[in-house]
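In: Sequence and predicted structure, then a few things I'm wondering about:
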Amino acid sequence: MIPYGRQDIDEADIDAVVKVLRSDWLTQGPSIQEFETTFAVYCGAAHAVAVSSATAGLHLAVKALGLKSGGLLWTVPNTFVATANVALYCGADVDFVDIDPNTYCISVQRLRERLAAVRASGGRLPDIVTVVHFAGQPCEMQEIRRLAKEFGFRVIEDASHAVGAEYMSRKVGSCDHSDLCVFSFHPVKIVTTGEGGMVTTSDPFLATALAELRTHGITRDPQRMESASQGAWYYEMLELGFNYRITDMQAALGCSQMRRLDDFVARRRKLAATYNRELADLPIRLPYQHPDGNSSFHLYPIVVEAEQRARIFAELRSRGIGVNVHYIPVYTQPVYRRLGFEIGYCPSAEAYYAGAISLPLFSRMSDDEQNVVMAAVRDVVLHS
């Protein structure tokens, strides 16, 4: 089976992890700070905070921005459920804005219309809008930031797919147009730490809040304490936080992977360009690239006729092509249906989902493997 995604581990990665295993620090050690510094420099961000997963990062991000019961987060339905779930963890409400039918990211037009309509009706505007750089394609962040200033909401970038991507010639994660940006290092992502994530920000106060919340809300900084320190052992829990720490083994793997990040992205872009060229004559929709961005191609989603999707998917799987589907619209899940969401709420997201198939794409994918995938897609689609 040729999978839709696969990690790319070399001997240097293994050596980096083994070195930590032989050291004095397995967690809360120097490899974590090194990883954070390396990542922040790469993205052009002032601060980076490593965490145990992107879900943890999203949860800490909304907590750091003060989301709580009675609050409201808007996001898109074309994402993994975690993007929306973290608001429910805080007791807040969630609503969804439809996607752009070209980019599959948040529709700025729909967002603008919804904000204006809510304000005109005297309704509740969002406290936070979390946008998702789907498949590695950056959202239209400049206009989203302008809307944030006009309507008074904070902005989180869910960049789980987008490490190495660029927007307006700047790396995603610089936080030029957002408060916080969250990344994933799951094995199918562009770089991996096994499980793990990172949150970047340009705000030193948010960075401090993230670092404390990932470790139970605890500080050892005397200047942050509410009482005088009793000694070197003393700490205070300032907030009800979590154990969302990453280990030094994972951080060491992340540092090692960062050496090859640009190579990973270059290979993915080359594979995507080959798909674009060789599949262009088929009756399928290929990914669109917005001119303001440069995708890192975590995914290569095609769209086929909805009535043919199940058959094409099953036939490709039967031929050893590990296709997948990203994503089932979040609000159609039972948890969200019980909150009152119904089919038809975001038509563009539903139309995309109905025909979506993610083709295999990963940095170690060989030209021969890609040729096998393309031949199978061509045969199955043309004989549907």
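Out: Right, received. Where do you want to start?

In: Break this structure into its domains for me.
Out: 2-258, 261-382 (automatic domain parsing).

In: Quick one: neighbours of Leu382, just the number.
Out: Look at Leu382: counted by other C-beta atoms under 10 Å, it has 10 neighbours. Every residue, glycine included, has its C-beta placed from N, CA and C.

In: Please convert the domains of the chain to JSON lines, extending it with mean pLDDT.
Out: Below are the domains of the chain laid out as JSON lines (pLDDT from 0 to 100):
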{"stretch": "domain 2-258", "mean pLDDT": "97"}
{"stretch": "domain 261-382", "mean pLDDT": "98"}
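
In: Tell me which of the ones you listed is the most buried.
Out: domain 2-258 (a mean of 20; mean count of other C-beta atoms under 10 Å).

In: now do the same end-to-end measure for that domain.
Out: From its first residue to its last, domain 2-258 covers 25 Å (C-alpha to C-alpha, to the nearest Å).

In: Okay, Ser69 and Ile128: tell me how far apart.
Out: 14 Å (C-beta to C-beta, to the nearest Å).

In: Asn371 too?
Out: The value you get for Asn371 to Ile128, if C-beta to C-beta is used, is 44 Å.

In: quick one: contacts for the residue found closest to Gln7 once you drop the neighbours it is linked to in the chain?
Out: Leaving aside its chain neighbours, Gln7 sits nearest to Pro187 (4.3 Å; criterion: C-beta to C-beta, 6 or more residues apart in numbering). For Pro187, the contacting residues are 5-7, 194, by C-beta atoms under 8 Å, 6 or more residues apart in numbering.

In: cool, and Gln7?
Out: 187-188, 192.

In: Pick out whichever of these sits closest to Met198.
Out: Nearest to Met198 among these, counting by C-beta to C-beta, is Thr192 at 12.1 Å.

In: Strands of the stretch 51-200 of the chain, residue ranges please.
Out: Using DSSP state E, counting those that start in this stretch, the strands found in the stretch 51-200 of the chain span residues 72-75, 93-96, 128-132, 154-158, 166-167, 170-171, 180-184, 197-201.

In: Distance from the third one to the middle of the chain?
Out: Just to be clear, that refers to strand 128-132. 11 Å (C-alpha atoms, centre = their mean, to the nearest Å).

In: hmm, who's touching that strand?
Out: Contacts for strand 128-132 (C-beta under 8 Å, 6+ apart): 58, 62, 65, 67, 71-76, 78-79, 83, 87, 97, 105-106, 111, 139, 141, 144, 148, 153-158, 160-161, 178.

In: Tell me how far stretch 145-153 lies from the chain's centre.
Out: Distance, centroid of stretch 145-153 to centroid of chain: 22 Å (C-alpha atoms, centre = their mean).

In: Adjust the sequence numbering to begin at 14 for everything that follows.
Out: New numbering, starting at 14: the last item is stretch 158-166.

In: Following element in sequence after the helix or strand harbouring Arg322, please.
Out: Arg322 belongs to helix 319-331 when assigned by DSSP states H and E. Sequence order places strand 334-335 as the next helix or strand after helix 319-331, per DSSP H and E.

In: Paired strands for that following strand, with orientation please.
Out: For strand 334-335, the paired strands and their directions (DSSP bridges) are strand 15-16 (parallel).

In: quick one: contacts of the partner strand?
Out: Counting by C-beta under 8 Å, 6+ apart, 201, 333-335, 373, 375, 378, 382, 385-386 sit against strand 15-16.

In: hmm, try it at 10 Å
Out: Under the criterion C-beta atoms under 10 Å, 6 or more residues apart in numbering, residues 201, 329, 332-337, 372-375, 378-379, 382-383, 385-386, 389 lie in contact with strand 15-16.

In: Please enumerate the helices of the stretch 64-213 of the chain.
Out: 67-77, 95-102, 121-134, 154-164 (DSSP state H, counting those that start in this stretch).

In: Thr40: which of those helices is closest?
Out: With distances scored as C-beta to C-beta, the stretch of these nearest to Thr40 is helix 67-77 (14.6 Å).

In: CA atoms only for that closest one, dumped as PDB, please.
Out: The C-alpha trace of helix 67-77 is given here as PDB (Å, rounded to 0.1, in the frame of the first residue of the first chain):
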ATOM      1  CA  ALA A  67      -1.400  20.500  17.900                       C
ATOM      2  CA  THR A  68      -4.600  19.800  19.800                       C
ATOM      3  CA  ALA A  69      -2.800  20.800  23.000                       C
ATOM      4  CA  GLY A  70      -1.500  23.900  21.200                       C
ATOM      5  CA  LEU A  71      -5.000  24.900  20.100                       C
ATOM      6  CA  HIS A  72      -6.400  24.400  23.600                       C
ATOM      7  CA  LEU A  73      -3.600  26.500  25.100                       C
ATOM      8  CA  ALA A  74      -4.100  29.100  22.500                       C
ATOM      9  CA  VAL A  75      -7.700  29.700  23.200                       C
ATOM     10  CA  LYS A  76      -7.100  29.600  26.900                       C
ATOM     11  CA  ALA A  77      -4.300  32.100  26.600                       C
END
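
In: Contact partners for the nearest residue to Ala69 once chain neighbours are set aside?
Out: Spatial nearest neighbour of Ala69, chain neighbours left out: Tyr257 (3.9 Å); criterion: C-beta to C-beta, 6+ apart. Applying C-beta under 10 Å, 6+ apart, we find Tyr257 in contact with 62-66, 68-70, 72-73, 210, 223, 226-229.
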